[in-house]
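**Student:** here are the coordinates; sequence isn't available:
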């Protein structure tokens, strides 16, 4: 899973302080969609919590599953709700009321926006994460839904392809304890800004991750 989506998963867990539904104290997240991205986002949420049973995840999927996609139903401890449309009735069945986060990950920009309106009718305070391909719509969507994050597969993949073509380090970052950490070559960073050594890449045939000698 690309780092921005993983970062959203981490932030969703870290911000799980809103009221809980059904008297269950565990954070509850609802994920909508059925493809490889959905599968890895759910796995990422579970991995972020690290302890089984400390988070609830409900996945809303279409009635028919594409055989070429990983089956999210195979993930242990995940509740699956089948729905033809992402409307208010579907979100109520998914237990969205009182949930901490909602990820709308269908490959349908207009459908995701419509679903976001329906979701807000059920839970006005839920944090939204929307998958969108038309990046020009992103700014308007953030105005419509202030507590939201809009991410594009294309905008995330393009920098990685450019970096690979130029032989540069792919732009990778993550959040940790209120700080944003970036991966970069040591020669491009001031010594006082280095947090830790991630890899020794002097020998392309023998890259050492988390080397014992961080100065390398």
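**Tutor:** Looks like it came in fine. Computed from a predicted structure; not experimentally measured.
**Student:** Show me what counts as buried in the host helix or strand of residue 139.
**Tutor:** Element membership for residue 139 (DSSP states H and E) is helix 138-144. By neighbour count with 16 or more other CB atoms under 10 Å, helix 138-144 contains the buried residues 138, 141. All C-beta atoms are positioned from the backbone trio N, CA, C, and that covers glycine.
**Student:** Which neighbouring elements make contact with the following helix or strand past that helix?
**Tutor:** Sequence order places strand 148-151 as the next helix or strand after helix 138-144, per DSSP H and E. On a contact count with 3 or more CB pairs under 8 Å, 6 or more residues apart in numbering; DSSP states H and E, strand 148-151 meets helix 3-14, strand 127-131, helix 138-144.
**Student:** Let me see the mean pLDDT of strand 148-151.
**Tutor:** Per-residue pLDDT values across strand 148-151 average out to 86.
**Student:** ok, now stretch 173-186?
**Tutor:** 79.
**Student:** do the same with stretch 44-55
**Tutor:** Mean predicted confidence for stretch 44-55 is 70.
**Student:** relative orientation of the helix or strand harbouring residue 113 and strand 127-131 in degrees?
**Tutor:** In this assignment (DSSP H and E), residue 113 forms part of helix 109-122. Helix 109-122 runs at 170 degrees relative to strand 127-131, counting by axes from the mean of the first three to the mean of the last three CA atoms, to 10 degrees.
**Student:** Could you check how far helix 109-122 is from the centre of its chain?
**Tutor:** Centroid separation for helix 109-122 versus its chain: 18 Å, with CA atoms, centre = their mean, to the nearest Å.
**Student:** returning to what we had before: so what touches the helix holding residue 139?
**Tutor:** 113, 116, 130, 132, 148, 150, 152 (CB atoms under 8 Å, 6 or more residues apart in numbering).
**Student:** Let me see the contact set for residue 116.
**Tutor:** Taking CB under 8 Å, 6+ apart, one finds 104, 128, 130, 141, 144, 145, 148 in contact with residue 116.
**Student:** Apply 7 Å and report the result again.
**Tutor:** Counting by CB atoms under 7 Å, 6 or more residues apart in numbering, residue 116 makes contact with 104, 128, 130, 145.
**Student:** Report how many residues lie close to the spatially closest residue to the last one that is not a sequence neighbour.
**Tutor:** In other words, residue 145. The shortest distance from residue 145 to any non-neighbouring residue, by CB to CB, 6 or more residues apart in numbering, is to residue 128 (5.2 Å). By the criterion of other CB atoms under 10 Å, residue 128 has 22 neighbours.
**Student:** same deal with the one 4 residues further on?
**Tutor:** Counted with other CB under 10 Å, the burial measure for residue 132 works out to 22 neighbours.
**Student:** Report pLDDT for it.
**Tutor:** Reported pLDDT for residue 132: 88.
**Student:** Verify the contact between it and residue 149 for me.
**Tutor:** No. Residue 132 is beyond contact range of residue 149, at 10.5 Å (criterion: CB atoms under 7 Å).
**Student:** tell me, what's touching the two both at once?
**Tutor:** With the criterion set as CB under 7 Å, 6+ apart, the contacts of residue 132 and residue 149 do not overlap.
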